[in-house]
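Asker: model this:
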Amino acid sequence: MTLPVDPAVRYLYETMDTRLAETDSSGSPPPDPACPSSPGSPRLLAWLGVLALLASSLFGGNVLGVRERFLGSETPEAKAPAASRAPLSAPAPLTPPQETVLRSQPWWQAVGDLEGTGSTATAAVSINGDAIQWRVRASCRSGRLVVRAPGQARPVLDAGCPGDPVGYGARKGSVSLEVSAEGPWQLQVEQQVDVPLREPPLASMSAPGATAVAGGTFYRVDQVGTGAVKLYRLADGTYALRLDDFFVTANSDLELQLSTLDAPRTTEEIASTRSTTIASLDVTTGSVNFALPSGVDPTKYRSLVIWCERTSNAYAAASLKPA
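Answerer: Numbering: from 1, shown residues only. Model (predicted):
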């Protein structure tokens, strides 16, 4: 196998050959007026320089995976996408999704709903080993609600009722929570993951009376955006949107906006034109469905924009052409 030679390495080889050709018959290089002569040192320094540049070329170019062997892989481990936002106990898809190295902006996936009255231990919920963290969103009516997880010194949450407190945990695997309360309570457990979400199309999108009314493909505005979008009018007169094989540069606070522009190309023109926010975009890669808010007529708009509210700029856009 022939490896590419870094230009700097080639240059140093040629320089070294020229320098060695200038040596006299005794094998000593011509004296350098800037420093005292040292027998053999130019040859040694030249070879050390070659070795250093060669190592830099191999390491920097990751030839044969050298850099990854020393510092670890730059490419995330391939993982299967999530099939839905539903609890993990939901039926698995008939065809397992293909693993991918793509990663989404971290998003919250439902794990399970728990409820009870007074102090008790809950049924176990299963936290994925690849989850970043998990949280409990609680609801209670009176007294004080304290929720503890095994192996966690501080309570997951400790709050007065009534209220809707939120607490966080990090333990993975099967987790049973210890609840201390004076009255009824409800707990929603969610885990944070960064895998793509590949939802199947909504059943209502192919039901009798439903029709695709518009579609398009994403293109870059300020950030990378790829994939397809399709707009459906459902049998009950409402609208739904589907993103297929979708990817956008990950960030929090992304939104889907409908714009009256036909093919917007800059943040400035999008910001100065009427638009309507229809959904927050927490998942940034995969295939995802969105129900449009009631009262929004998407046929009055000409494009779909991915907008970042935090930085006030447009990431990507797609022109909506009649289907």
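
Asker: and stretch 261-275, C-alpha only, in PDB?
Answerer: Listed next in PDB are the C-alpha coordinates belonging to stretch 261-275 (Å, rounded to 0.1, in the frame of the first residue of the first chain):
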ATOM      1  CA  LEU A 261     -41.700  34.000   1.000                       C
ATOM      2  CA  ASP A 262     -41.500  31.700  -1.900                       C
ATOM      3  CA  ALA A 263     -37.800  30.800  -1.600                       C
ATOM      4  CA  PRO A 264     -36.100  32.700   1.200                       C
ATOM      5  CA  ARG A 265     -32.300  32.800   1.100                       C
ATOM      6  CA  THR A 266     -31.200  35.100   3.900                       C
ATOM      7  CA  THR A 267     -32.000  35.700   7.600                       C
ATOM      8  CA  GLU A 268     -32.700  39.300   6.900                       C
ATOM      9  CA  GLU A 269     -35.500  38.800   4.300                       C
ATOM     10  CA  ILE A 270     -37.100  36.100   6.500                       C
ATOM     11  CA  ALA A 271     -37.000  38.300   9.600                       C
ATOM     12  CA  SER A 272     -38.700  41.200   7.700                       C
ATOM     13  CA  THR A 273     -41.500  39.100   6.300                       C
ATOM     14  CA  ARG A 274     -44.700  37.700   7.900                       C
ATOM     15  CA  SER A 275     -44.300  34.200   9.400                       C
END
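
Asker: what's in contact with that stretch?
Answerer: 221-222, 257-260, 301-303, 305, 307, 312-314, 317, 319 (Cβ atoms under 8 Å, 6 or more residues apart in numbering). Glycine gets a C-beta too; all of them are placed from N, C-alpha and C.

Asker: and residue 258, how far from residue 146?
Answerer: 45 Å (Cβ to Cβ, to the nearest Å).

Asker: more neighbours: which of the two?
Answerer: residue 258 (23 against 16; other Cβ atoms under 10 Å).

Asker: just checking, residue 148 touches residue 178?
Answerer: Yes: with contact defined as Cβ atoms under 8 Å, residue 148 and residue 178 form a contacting pair (4.4 Å).

Asker: more neighbours: those two, which one.
Answerer: residue 148 (19 against 15).

Asker: the more buried one and residue 116, how far apart?
Answerer: For residue 148, the distance to residue 116 - Cβ to Cβ - is 14 Å.

Asker: cool, residue 214 as well?
Answerer: 47 Å.

Asker: for those two, indicate the residue with more neighbours.
Answerer: residue 214 (23 against 15).

Asker: what about the more buried one, which helix or strand?
Answerer: strand 211-220 (DSSP states H and E).
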